[in-house]
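Participant: From the sequence below, what's the structure:
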Amino acid sequence: MINQELWNTLKKLDPMEVERRSLARYDIKNNTYTLKICNRDYIVKPDEHIIQPAESPSEPPIFFLYLASVNYLIGAENIPLDGRWVSVKEFPSGPLFFRGPHAMAAGKIEDMYGQDVDGFSTVCQRLGGIQVEAGDAAFELPVFPRLPVRLILWLADEEFPARLTYLFDRTANVHLHLDGIWAVGELIEILLT
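Facilitator: The predicted structure follows:
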């Protein structure tokens, strides 16, 4: 499903170090990690190349969940959040990377919730989101233990279409390369729609 080299890289890492850096829980008996993603526990099985929800292992796999999660487990660092929120274009090389096919996923969310604050609020809360003050509705989602994401929604009106903005803690690009951050946006769009 994702590049074999990502799984190989994860398997070569010291599991205790991965646990410490990512805040995932390692199960030495089963050689698995439990990683909290948007308020749900997922079991990551490096030997089998599988990631599945702990409570419903038969759910179909989501490519971007795999891509973002394995990259996070490989790259997460044991550092505190900075507390400053930035757009993806504020990361080094962000203005060049996050455009065209790598623009942050927003269209489906804007279409679905561009006139539905209650629906947006409900789905964000279901994913563990905490309401914050911004736009017409905004939530901070605990995508990964060290990688929260803020979603800010401006509703459509007579003059402007709906608009969604992603903000990341300034440390996000320490844990993930830009393509991993982009994968997080794709995953969020799937989970919200």
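
Participant: use CA for all of it now, contacts and neighbours both
Facilitator: Noted.

Participant: Reduced to three states, what does the residue nearest the centre of the chain come out as?
Facilitator: By Cα atoms, centre = their mean, the chain has its centre lying nearest to Val184, at 3.6 Å. Classification of Val184 using DSSP: H, G, I helix; E, B strand; the rest coil returns helix.

Participant: So which residue of this protein lies furthest out from the middle?
Facilitator: The chain, Cα atoms, centre = their mean, max distance from centroid: Glu158 (32.0 Å).

Participant: Let me see the contact set for that residue.
Facilitator: Applying Cα atoms under 8 Å, 6 or more residues apart in numbering to Glu158 gives no contacts.

Participant: distance of it from Ile109?
Facilitator: Separation of Glu158 from Ile109 (Cα to Cα, to the nearest Å): 19 Å.

Participant: again with Pro53
Facilitator: Using Cα to Cα, we find Pro53 at a distance of 23 Å from Ile109.

Participant: One more: Val149?
Facilitator: Counting by Cα to Cα, the gap from Val149 to Ile109 is 15 Å.

Participant: got it, and Glu186?
Facilitator: Distance, Glu186 to Ile109, by Cα to Cα: 11 Å.

Participant: what do you get for Arg84?
Facilitator: Distance of Arg84 to Ile109, computed by Cα to Cα: 24 Å.

Participant: and Val86, how many neighbours?
Facilitator: 17 (other Cα atoms under 10 Å).

Participant: and if you look at Asn30?
Facilitator: By other Cα under 10 Å, neighbour count at Asn30 equals 9.

Participant: repeat for Leu147
Facilitator: Neighbours of Leu147 under the rule other Cα under 10 Å: 24.

Participant: Torsion angles phi and psi at it?
Facilitator: phi -140, psi 80 (degrees, to the nearest 10).

Participant: What's the separation between it and Gly135?
Facilitator: Applying Cα to Cα to Leu147 and Gly135 gives a distance of 21 Å.
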